[in-house]
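Chemist: sharing a sequence plus its predicted fold:
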Amino acid sequence: EKPWLSAYKSLDTSVPVQANRPHGLPVRFVPSSTKGDIVLRKGMTLPHGGEVLISVFSRAPDEPASHGLVIECYDTVTSYTAVLHIVASALLELVDRN
């Protein structure tokens, strides 16, 4: 028997599953380890309550932020983490609009 199988069989399946579970696939594959140097980290209070920790990284170590950013939003209550990768061309487009 595989070592993980006994742990899997002992899982309690009577626990209700969250109704609004995330699903879907990204448009293109981005490795989860793609982030470089920390640019900014700060806590934010959300408009409808709750707090999150926002971390902004360059896309790779020793690269300028203008080459792309990785933004992570961490919910300290649920431990959910959302990650947004912004490529250089999208950054330039945002700057040009403003």
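Modeler: Yep, it's here. Bear in mind that the values here come from a model prediction, so they are computed numbers and not experimental data.

Chemist: only C-alpha atoms from now on, for both contacts and neighbour counts.
Modeler: Noted.

Chemist: which strand or helix spans the spatially closest residue to Ser55 that is not a sequence neighbour?
Modeler: Spatially, and ignoring its direct neighbours in sequence, Ser55 is nearest to Arg41 (4.3 Å; C-alpha to C-alpha, 6 or more residues apart in numbering). In the assignment (DSSP states H and E), Arg41 maps to strand 38-45.

Chemist: what's the first helix or strand after that strand?
Modeler: As assigned by DSSP H and E, the chain's next helix or strand after strand 38-45 is strand 51-58.

Chemist: which outside residues touch the next helix or strand after that next one?
Modeler: Following the chain from strand 51-58 toward its C-terminal end, the next helix or strand by DSSP H and E is strand 68-75. When contacts are defined by C-alpha atoms under 8 Å, 6 or more residues apart in numbering, strand 68-75 is touched by residues 34-35, 51-59, 80-88, 91.

Chemist: switch the cut-off to 10 Å
Modeler: 34-44, 50-60, 79-92 (C-alpha atoms under 10 Å, 6 or more residues apart in numbering).

Chemist: for the nearest residue to His85 once chain neighbours are set aside, which residues make a bridge with it?
Modeler: Nearest non-adjacent residue to His85, counting by C-alpha to C-alpha, 6+ apart: Val70, 4.6 Å away. Per DSSP bridges, the residues bridged to Val70 are Phe57, His85.

Chemist: neighbours of Val70, how many?
Modeler: Summarising burial for Val70: neighbours were counted as other C-alpha atoms under 10 Å, giving 22.

Chemist: any idea how far Asp12 is from it?
Modeler: Using C-alpha to C-alpha, to the nearest Å, one obtains 36 Å as the distance from Val70 to Asp12.

Chemist: next: Glu63.
Modeler: As defined by C-alpha to C-alpha, Glu63 lies at a distance of 46 Å from Asp12.

Chemist: again, but for Phe57
Modeler: Phe57 sits 38 Å away from Asp12, taking C-alpha to C-alpha as the criterion.
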